[in-house]
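> Okay, sequence plus prediction incoming.
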There are 2 protein chains.
Amino acid sequence: MLATEGTFSSAIDSSGRFQFPSVLVKEVRPEAEGRFVMNRSTEKCITLYPMDVWKVYRERLSRVNVFQPAMRQAYRYFMGSATEVSLDKKNRMLIPKPLAQYAELEKDLLIVCTPAFIELWNPDLYEASLQQFAANDADAMNEIANQIFGGGDFYDSLS
Amino acid sequence: MLATEGTFSSAIDSSGRFQFPSVLVKEVRPEAEGRFVMNRSTEKCITLYPMDVWKVYRERLSRVNVFQPAMRQAYRYFMGSATEVSLDKKNRMLIPKPLAQYAELEKDLLIVCTPAFIELWNPDLYEASLQQFAANDADAMNEIANQIFGGGDFYDSLS
DNA sequence: ATCATTTTTCCCAAAATTCCCCAAAATTCC
DNA sequence: GGAATTTTGGGGAATTTTGGGAAAAATGAT
């Protein structure tokens, strides 16, 4: 998806908008046409999908039978807060109130890019989440670190 | 159904009406002509159908064999509380008393809009329902999450 | 390092929408 | 019939959304 990875910080203005980093604007596929979908994450942050990506999810979701209660619950859980947003002429995005409230976004914003999606975090909560993970799940973290980075010939692979 | 997704909050006035978000007004197919049907959901909320969508449901319900007692019950259940409502000149809707009572709607209202359905919730009950689902049906939830969001070769499928 | 360009931030203002309130009309209940 | 309640309509204040100017900061090239 996005070649660019890492985190960006941005500020939320008095109207609840933030400047979408120009580096990312350039990365988003033109098919998305400046349109995105914001959604609740399972963590206390917002997940952001370019529209072309979201359409694939929605397509998959549309096969869910919403007349089965458990499915309907799940559908509601994952789709209920998905909201379309778009870039304005100055590449800003308005964060819908309910989502901003959920993620406790006020003034400062952290934009975290992963290969699969973009997350919007309250910087404090992000920090806290990292801390907590490192403290409580140290074993799990090391295990994962090993899975990703381990394998001896790491420096060789730099060639 | 609707291209617009997301949750909207609205307030119920002293007459039991609420403002239907203008974003949604624009999305409803003109065929519905501002007419809707409200009905009990199987959960403690109200399901809202634009009239053109409701007609499809009614068509299906009409094929039910009402000479079978269980079917007759189901028919009553789904049709019994269906009430037509419409938008007034200021895009407000009156929530029929019995339905408001059923869904425990008083002051605040949450409108949950997905491509598959529109629901009207008491915000507290909605939040509680999500929480409970995440806590009790973690397996079902993860199953579905994986079905929808998982699957590794996601970005390849964008081609 | 300096300058030019791009990007971001911080404002203000116009437009659109929503909310709160009151009042007329219609309906229901004694 | 008359009173009480419910439904409908709308005025106008308050808030939200949208757009854009211009200063400040960051980036890049020479």
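That came through, no problem.
> Contact partners for A:Phe36?
Contact analysis of A:Phe36 by C-beta atoms under 8 Å, 6 or more residues apart in numbering or on different chains lists A:48-51, A:54, A:84-87, A:93. C-beta: built from backbone N, CA, C; applies to glycine.
> now A:Glu33
The neighbours of A:Glu33, taking C-beta under 8 Å, 6+ apart as the test, are A:Met51.
> How about A:Arg17: what's its closest non-neighbour residue?
A:Arg92 (4.4 Å; C-beta to C-beta, 6 or more residues apart in numbering or on different chains).
> surely A:Met71 meets A:Val64?
Yes - the pair A:Met71 and A:Val64 passes the contact test of C-beta atoms under 8 Å, sitting 5.0 Å apart.
> So for those two, which residue has more residues nearby?
A:Val64 (18 against 15; other C-beta atoms under 10 Å in any protein chain shown).
> Can you verify my assumption that that one contacts B:Ile144?
Yes - with contact defined as C-beta under 8 Å, A:Val64 reaches B:Ile144; the gap is 7.1 Å.
> give me phi/psi at the closest residue in space to A:Lys97 that isn't next to it in sequence?
With sequence-adjacent residues excluded and distances taken as C-beta to C-beta, 6+ apart, A:Lys97 is closest to A:Gly16, at 7.0 Å. Backbone geometry at A:Gly16, expressed as degrees, to the nearest 10, gives phi 90, psi 20.
> Contacts only, for A:Gly16.
A:Gly16 makes contacts with A:94-95, A:97, A:100, as judged by C-beta under 8 Å, 6+ apart.
> re earlier: okay, and the common contacts of A:Met71 and A:Val64?
Listed as contacting both A:Met71 and A:Val64 by C-beta under 8 Å, 6+ apart are B:Ile144.
> In helices only, show me the contacts of A:Gly16.
When helices are assigned by DSSP state H, the members of the contacts of A:Gly16 inside them are A:97, A:100.
> and the contacts of A:Gly16 as JSON lines, adding pLDDT?
Putting the contacts of A:Gly16 into JSON lines (pLDDT from 0 to 100) gives the following:
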{"residue": "A:Leu94", "pLDDT": "94"}
{"residue": "A:Ile95", "pLDDT": "94"}
{"residue": "A:Lys97", "pLDDT": "90"}
{"residue": "A:Ala100", "pLDDT": "92"}
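> in chain A, which residue is closest to the centre?
With the centre of chain A defined as its mean C-alpha position, the nearest residue by C-alpha atoms, centre = their mean is A:Glu119, 2.4 Å away.
> Bridged to that residue, which residues?
With DSSP bridges applied, the residues forming beta bridges to A:Glu119 are A:Thr47, A:Val112.
> ok, it touching A:Thr42?
No - between A:Glu119 and A:Thr42 there is no contact under C-beta under 8 Å: 11.1 Å.
> Counting neighbours, what do you get for the nearest residue to A:Ser62 once chain neighbours are set aside?
For A:Ser62, ignoring the flanking residues on the chain, the nearest one in space by C-beta to C-beta, 6+ apart is B:Pro115 at 6.6 Å. Neighbour count of B:Pro115, defined by other C-beta under 10 Å: 16.
> Next: A:Met141.
The burial count assigned to A:Met141 is 13, neighbours taken as other C-beta under 10 Å.
> So what touches the strand or helix carrying it?
When secondary structure is defined by DSSP states H and E, A:Met141 falls within helix A:138-149. With C-beta under 8 Å, 6+ apart as the contact definition, helix A:138-149 has outside contacts at A:133-134.
> same question, stretch A:63-75
With C-beta under 8 Å, 6+ apart as the contact definition, stretch A:63-75 has outside contacts at A:61, B:42-43, B:114, B:116-117, B:129, B:133, B:137, B:140-141, B:144-145, B:148.
> Okay, helices next: where are they in chain A?
In order along the chain, chain A carries the following helices (DSSP H): A:22-27, A:51-61, A:69-79, A:97-102, A:123-136, A:138-149.
> between these, which gets nearest to DNA strand C?
Comparing these against DNA strand C with C-beta to the nearest atom of the strand, the closest turns out to be helix A:22-27 (3.6 Å).
> Alright, that wraps it up for me.
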